[in-house]
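Trainee: only geometry, no sequence info:
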Ligand code: UDP
């Protein structure tokens, strides 16, 4: 379990003090986070790390999962893809499946908390439950909503507008809505098993255990086996450069409970990779954090050739390890990869192939991109910044009736009738 003190060396004492100060105004408040899976994917990754820190700051935060079956997750995956702007066949009964499952969850879930954070579309309709509860509801969206399928978005929008506010990763995801929209980028945890420093011998031992050969540079993409992560496109890009570079492609993935397409995509990836001994496909359990850490550290180049993307924590993780990253210019990726500064942005299979060849043949340039990337993540995408944003957001939501927010008052009390005063 992470403890705040562990971050002091990485982010500085001021950041830790600021977190304690802000949390002081929320002491005793209760918070509920709801999503659809405890492991697999970025949302679970972040909540697993944030929850203990809320508790340490004496904010009673709990995390609940909605319960859905196979049919529900097949529908929500279609909705997810459609909201990302991908074409999907959606039938009227799909909306009914969604509503029915959410209604069942409504009757079972206890939503009593001062602040209720609902993550992504799967549990979005839980907001129906707020009637009769005098609390605050925030919809935390983790996907790229910049070009949503209009039918699915029109279905979801009335639910979204029943919240007090919604949170997006990037300004380009904002929508025309009647509620405030707040921009908060995701984050990674620098002290987790996924990201903490590893000794070279630890990395070596893990790769040996996983039977990953290290005789050639590794070009790696780590992602759930999902069409929108384009693993097949990654293989095509690699095959274009394979005759000219002595490297191996490593595709590492796992399954998430709320993603029913994984097995099918994995089978297609294995089929496409089977005749090339330089392409390795590895399926890991969703709790293989230290293994992912070691693989990222052992790689020469990290790819994230997604067709659509919310943010891509896999990119953040790789940049934090000072790895040169080649990633598609979609979703939240350009917030992280500033082209030719903290990585290379690509738009096609050909572009990806060209970038792989370039970074493998120019190690000094690749190293510089990685170093810039690490600093960019330190400044913007670590868990402590994310925690601070959630604390500020909570204070804003709890004190919205106030005319103004004042950040300094000698006795440290928070006033919120007509004015809000937040102060050390
Ligand atoms: N991940 C993992 N094992 C895998 C694939 C992914 O642990 O086999 C992790 C990855 O390291 C990252 C998260 O799952 O922390 C994926 O988050 P991202 O934002 O990249 O994509 P999402 O899956 O949420 O679309």
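Mentor: Sure, I can see it. All values derive from a computational prediction rather than experimental measurement.

Trainee: Flag every residue of the stretch 301-424 of the chain that's near the ligand.
Mentor: Counting by CB under 6 Å from any ligand atom, the positions of the stretch 301-424 of the chain adjacent to the ligand are 310, 311, 312, 313, 314, 317. Just so you know, the C-beta spots here come from the backbone N, C-alpha and C atoms, and that holds for glycine as well.

Trainee: switch the cut-off to 5 Å
Mentor: Selection of the stretch 301-424 of the chain residues close to the ligand by CB under 5 Å from any ligand atom yields 312, 313, 314.

Trainee: With the stretch 1-150 of the chain instead?
Mentor: Taking CB under 5 Å from any ligand atom as the criterion, the stretch 1-150 of the chain approaches the ligand at residues 41, 42, 45.

Trainee: Pick the one among the residues you listed closest to residue 123.
Mentor: residue 41 (14.1 Å; CB to CB).

Trainee: got a list of what the closest one touches?
Mentor: 224, 256, 258, 259 (CB atoms under 8 Å, 6 or more residues apart in numbering).

Trainee: Residue 251 pairs with what?
Mentor: Residue 251 has the following beta-bridge partners by DSSP bridges: residue 221, residue 281.

Trainee: How many residues are close by it?
Mentor: Close neighbours of residue 251, defined as other CB atoms under 10 Å, add up to 27.

Trainee: so it makes contact with residue 235?
Mentor: Yes. Here residue 251 lies in contact with residue 235, judged by CB atoms under 8 Å, at a distance of 7.4 Å.

Trainee: Do you have the strands of the chain handy? List them.
Mentor: For the chain, the strands defined by DSSP state E cover 30-35, 60-65, 115-119, 136-140, 165-168, 181-183, 218-222, 248-253, 279-283, 301-304, 325-328, 344-346, 404-406, 419-421.

Trainee: can you put those strands in CSV and add mean pLDDT and distance to residue 289?
Mentor: Shown next, in CSV, are the strands of the chain (pLDDT from 0 to 100; distance: least, CB to CB, whole Å):
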stretch, mean pLDDT, distance to residue 289
strand 30-35, 98, 18
strand 60-65, 97, 18
strand 115-119, 98, 20
strand 136-140, 98, 22
strand 165-168, 96, 25
strand 181-183, 95, 28
strand 218-222, 98, 11
strand 248-253, 98, 12
strand 279-283, 97, 15
strand 301-304, 98, 16
strand 325-328, 98, 19
strand 344-346, 98, 27
strand 404-406, 60, 38
strand 419-421, 50, 39
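
Trainee: Spit out the contact partners of the residue of the stretch 251-400 of the chain found nearest the ligand.
Mentor: Nearest to the ligand, among the residues of the stretch 251-400 of the chain, is residue 254, at 3.0 Å (CB to the nearest ligand atom). Residues near residue 254 by CB under 8 Å, 6+ apart: 40, 224, 225, 262, 283, 284, 285, 286, 288.

Trainee: same thing but at 7 Å, please
Mentor: Residue 254 makes contact with 40, 224, 283, 284, 285, 286, 288, according to CB atoms under 7 Å, 6 or more residues apart in numbering.

Trainee: got a winner among those residues for most neighbours?
Mentor: Comparing the contacts of residue 254 on neighbour count, residue 224 comes out first with 21 neighbours (neighbours: other CB under 10 Å).

Trainee: In this model residue 262 seems to touch that one, though I could be wrong.
Mentor: Yes. Residue 224 lies in contact with residue 262 (CB atoms under 7 Å); the separation is 6.3 Å.

Trainee: tell me, what's touching those two both at once?
Mentor: By CB under 7 Å, 6+ apart, residue 224 and residue 262 have these common neighbours: residue 255.

Trainee: what's near enough to touch the nearest residue to residue 244 once chain neighbours are set aside?
Mentor: Of all residues not flanking residue 244 in the chain, residue 357 sits nearest, at 6.3 Å (CB to CB, 6 or more residues apart in numbering). Neighbouring residues of residue 357 by CB under 7 Å, 6+ apart: 241, 244, 245.

Trainee: Narrow those residues to those in helices?
Mentor: Using DSSP state H, the members of those that fall within helices are residue 241.

Trainee: ok, back up a step: what's the farthest-apart pair in the contacts of residue 41?
Mentor: Across these, the longest distance by CB to CB is 10.2 Å; it joins 224 and 258.

Trainee: For the stretch 51-200 of the chain, which residue gets nearest to the ligand?
Mentor: At 5.9 Å from the ligand, residue 194 is the closest residue in the stretch 51-200 of the chain, using CB to the nearest ligand atom.

Trainee: Might you report the residue contacts of that residue?
Mentor: Contacts of residue 194 by CB under 7 Å, 6+ apart are 289, 292, 293, 317.

Trainee: And for residue 115?
Mentor: Residue 115 sits next to 29, 31, 135, 136, 138, 394, 397 when contact means CB under 7 Å, 6+ apart.
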